[in-house]
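Asks: predicted model and sequence below, questions to follow.
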There are 2 protein chains.
Amino acid sequence: MKSIAPPAPAIGIKDVARAAGVAPATVSRALGKGPISEALRAQVMEAVRATGYRPNLAARRLRSQETGTIGLMVADIANPFFTGVARAVEHAAFEAGLRVILCDSDRDPAREASYLQLMQEERVTGLIMAPTRVTAQRLAGLALDVPTVLIDRAGPPGLFDSVLLDNGEAAAGLVDHLVAQGHTRITGLFGETSDTGRARAEGFASAMARHGLAPDARFIPATTPPTEAALAVLREDAAPGALLAANSLLLLGALRATRQAGLRVPRDLALCGFDNEPWTELVEPGLTVVEQPLEEIGRAAMRLLFDRLRDPDQPVRKLMLSGRQVVRGSTAAR
Amino acid sequence: MKSIAPPAPAIGIKDVARAAGVAPATVSRALGKGPISEALRAQVMEAVRATGYRPNLAARRLRSQETGTIGLMVADIANPFFTGVARAVEHAAFEAGLRVILCDSDRDPAREASYLQLMQEERVTGLIMAPTRVTAQRLAGLALDVPTVLIDRAGPPGLFDSVLLDNGEAAAGLVDHLVAQGHTRITGLFGETSDTGRARAEGFASAMARHGLAPDARFIPATTPPTEAALAVLREDAAPGALLAANSLLLLGALRATRQAGLRVPRDLALCGFDNEPWTELVEPGLTVVEQPLEEIGRAAMRLLFDRLRDPDQPVRKLMLSGRQVVRGSTAAR
DNA sequence: CTGAAAGCGCTTACAG
DNA sequence: CTGAAAGCGCTTACAG
């Protein structure tokens, strides 16, 4: 039995040129932006159709030295934050006629290094990346010769364009809201090894101070199960009246802890935190959260990248976007 | 002020060859798999290090006619189903030394067509794709000359390798479970325009018949808000004792409907459906669902693709994976 | 095992 | 506006 698919006839620009009765260069011009008469262009396009020609992007890239490709490196594509950003980046890229190579680092610095190497071999037009803390620090000494925009973490000061949530402002906003609801004993739960956690803790502390309250910030090691961490706090003698969880894992842990402790929200304890994930609306009562503008973060990253490509020498920019406070039942006045 | 980054020195294989005192071909062999003495290889590697050389993948691809690239086309990367599959595909690709180009079709046939064209111009090694129904039908006449594996939808019979959940079996399993809990009046909610919905409806109907029960299957148009659709059913005179929702949107709608109707789950109504999304565990009571093996779907798709590349003439395969039933409070016996 | 030469499929100065 | 020629940076027969 013969193979159905022949071993690829491989139609090239020369075949099209022959079919159209023109030079290969003319075909290239008809397909691209080169100067060409309308008559010849139509003639060429017809030949393209007749031959079923498809440009070979590898050849085009090698010759033109432009890849039209964006690298997108995230820590975990299954995380809704990165998924949302990735979606926006992909869409912006499509509209700009660019391809995106997806790199999921899995929060593994070795994978990040490997992918960084790949991005350079790909000669990507630009890179949008959410580095781990480890890689972010290494970035300074890496001599990355790819225009890069960092998301979620700014990296070494002054070296990379970046876009991130205004974490301090967002945490402060949550404090303001809790205080407005009559709370004074507020405990904040923050990721210990997270830059983002630090930034949120600072906003938390300064807002508490502004209200003349004592900030009770707890830094939770990544190794401690969030539910246990929250439970420990709730069982202290001077248990808080409100809990602010600095990321969705901690918020989920806090919620589970309230259930295990038999506390009613918001009656016994107010609860709020970060990231407007679907489940935060569906639990009863719904949880008050700060929503990150995922779409806008992705689009802004692309915008910064394009600006950088246009003018490589412009000053480095750090774009801070405001979160949106979504108030739900978990912080209702008692 | 001068630019910090010089206009790219562009170190090529010839520069490395000169530094190592060998021919360019030798450098190529040292970097690749060509036969070479250990001494020369070491010599070359040292020169590579010294010069900071990075291979140009566009050139390598053009010459070798191998791109080492996988196209991944999903309907919506923000959908947890596709996110999970994408993650698995990305990881499998990384391990195999392949890159993945992410294509989010946004369920838009025009975008799909555009991306399909791109994949061919990229000369991707293979394509893994979740087509819309429209594109799935067109696929037969498209003369796609890229090895392709379909996910989530099998497409034209016998044309493409595919991997999907055994939807009929999964729906039947849910029916069996409900019946075991004592239910007889079971209504199924299915997406009207969805192939997946059809397959689940068939499993639903045959399982009901097997139990000697009358199947009450409702096909909900995509234009009808899920909550309203479910509410309408719950307000009928002969309201069901159990609801089976064939996708997570319908399940969410059903949940909201029970709340709006003031029904208690599972006391007044049992509820179950598809996709083990985080919120299904967090609502009270937790919802009984069928979990799709996302990781395995992605890995299996890659496996089918590799097999196809190895042997292009082997028969087309349709791989059906079993879902996992996650039983929670929403279907507890009353 | 090693080198010199050809060529992958395009685009782009260079002439006309 | 059009064509002939060169060359992007590699890999791979082809000799030796």
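Replies: That came through, no problem.

Asks: spell out which parts of the stretch 101-250 of chain A neighbour chain B.
Replies: Near chain B, the residues belonging to the stretch 101-250 of chain A are A:101-104, A:106, A:111, A:114, A:117-118, A:120-123, A:145 when assessed by C-beta under 8 Å from any C-beta of the partner chain. Every C-beta, even on glycine, is put in place using the N, C-alpha and C of the backbone.

Asks: kindly recompute the last result at 10 Å.
Replies: A:101-106, A:111, A:114-115, A:117-123, A:143-145, A:147, A:248 (C-beta under 10 Å from any C-beta of the partner chain).

Asks: in strands only, show me these.
Replies: A:Ile101, A:Leu102, A:Cys103, A:Asp104 (DSSP state E).

Asks: beta partners of the closest residue to the second one other than its chain neighbours?
Replies: Right, A:Leu102. Take A:Leu102 and drop its neighbours on the chain: the residue closest to it by C-beta to C-beta, 6 or more residues apart in numbering or on different chains is B:Leu102, 4.1 Å away. Beta-bridge pairing of B:Leu102 under DSSP bridges involves B:Leu72.

Asks: burial check on the residue of the stretch 101-250 of chain A found nearest chain B, number of neighbours?
Replies: Residue of the stretch 101-250 of chain A nearest chain B, by C-beta to the nearest C-beta: A:Leu102 (4.1 Å). Applying other C-beta atoms under 10 Å in any protein chain shown, we find 26 other residues in the vicinity of A:Leu102.

Asks: that one against A:Val74, yeah?
Replies: Yes - if you go by C-beta atoms under 10 Å, A:Leu102 and A:Val74 touch, sitting 8.0 Å apart.

Asks: if we can go back for a sec, narrow the residues of the stretch 101-250 of chain A next to chain B to those that are buried.
Replies: Buried members of these, counted by 16 or more other C-beta atoms under 10 Å in any protein chain shown: A:101-106, A:111, A:115, A:118-120, A:122-123, A:144, A:147, A:248.

Asks: greatest separation within the residues you listed: which pair is it?
Replies: Across these, the longest distance by C-beta to C-beta is 36.5 Å; it joins A:Arg123 and A:Ser248.

Asks: before we move on, what SS does A:Arg63 have?
Replies: The assignment at A:Arg63 comes out as helix when based on DSSP: H, G, I helix; E, B strand; the rest coil.

Asks: wait, what's in contact with it?
Replies: A:Ser28, B:Ala58, B:Ala59, B:Leu62 (C-beta atoms under 10 Å, 6 or more residues apart in numbering or on different chains).

Asks: so, low pLDDT: which residues of chain A?
Replies: A:1-9 (pLDDT under 70).

Asks: domain parsing for it?
Replies: Domain assignment for chain A by automatic domain parsing gives A:13-55, A:69-165+A:294-323, A:167-291+A:325-331.

Asks: just put the ones you listed in a markdown table and tack on distance to B:Thr69.
Replies: Below are the domains of chain A laid out as a markdown table (distance: least, C-beta to C-beta, whole Å):
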| stretch | distance to B:Thr69 |
| --- | --- |
| domain A:13-55 | 15 |
| domain A:69-165+A:294-323 | 8 |
| domain A:167-291+A:325-331 | 33 |
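
Asks: among the ones you listed, which comes closest to DNA strand D?
Replies: With C-beta to the nearest atom of the strand as the criterion, DNA strand D lies closest to domain A:13-55 of these, at 2.5 Å.

Asks: which parts of chain A sit against DNA strand D?
Replies: For chain A, the contact set with DNA strand D under C-beta under 7 Å from any atom of the strand comprises A:22-26, A:29, A:34-37, A:39-40, A:59, A:62-63, A:65.

Asks: quick one: buried ones out of those residues?
Replies: Here, 16+ other C-beta under 10 Å leaves A:Val22, A:Thr26, A:Arg29, A:Ile36, A:Leu40, A:Ala59, A:Leu62 buried among these.

Asks: farthest pair within those?
Replies: A:Leu40 and A:Leu62 (25.7 Å).

Asks: filter the residues of chain A next to DNA strand D down to the ones close to DNA strand C.
Replies: A:Pro24, A:Ala25, A:Arg29, A:Gly34, A:Ala59, A:Leu62, A:Arg63.

Asks: looking at those residues, which are in strands?
Replies: Going by DSSP E, the strands hold none of these.

Asks: turn those residues into JSON lines, including distance to B:Pro215.
Replies: Putting these into JSON lines (distance: C-beta to C-beta, whole Å) gives the following:
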{"residue": "A:Pro24", "distance to B:Pro215": "64"}
{"residue": "A:Ala25", "distance to B:Pro215": "66"}
{"residue": "A:Arg29", "distance to B:Pro215": "63"}
{"residue": "A:Gly34", "distance to B:Pro215": "64"}
{"residue": "A:Ala59", "distance to B:Pro215": "57"}
{"residue": "A:Leu62", "distance to B:Pro215": "60"}
{"residue": "A:Arg63", "distance to B:Pro215": "62"}
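
Asks: of those, just say which sits nearest to A:Glu192.
Replies: Nearest member of those to A:Glu192, counting by C-beta to C-beta, is A:Leu62, at 47.7 Å.

Asks: wait, that closest one sits on B:Gly12?
Replies: No - counting by C-beta under 10 Å, A:Leu62 sits too far from B:Gly12 to count as a contact (11.8 Å).

Asks: anything in contact with each of these two?
Replies: With C-beta under 10 Å, 6+ apart, A:Leu62 and B:Gly12 have common neighbours B:Asn56, B:Ala59.
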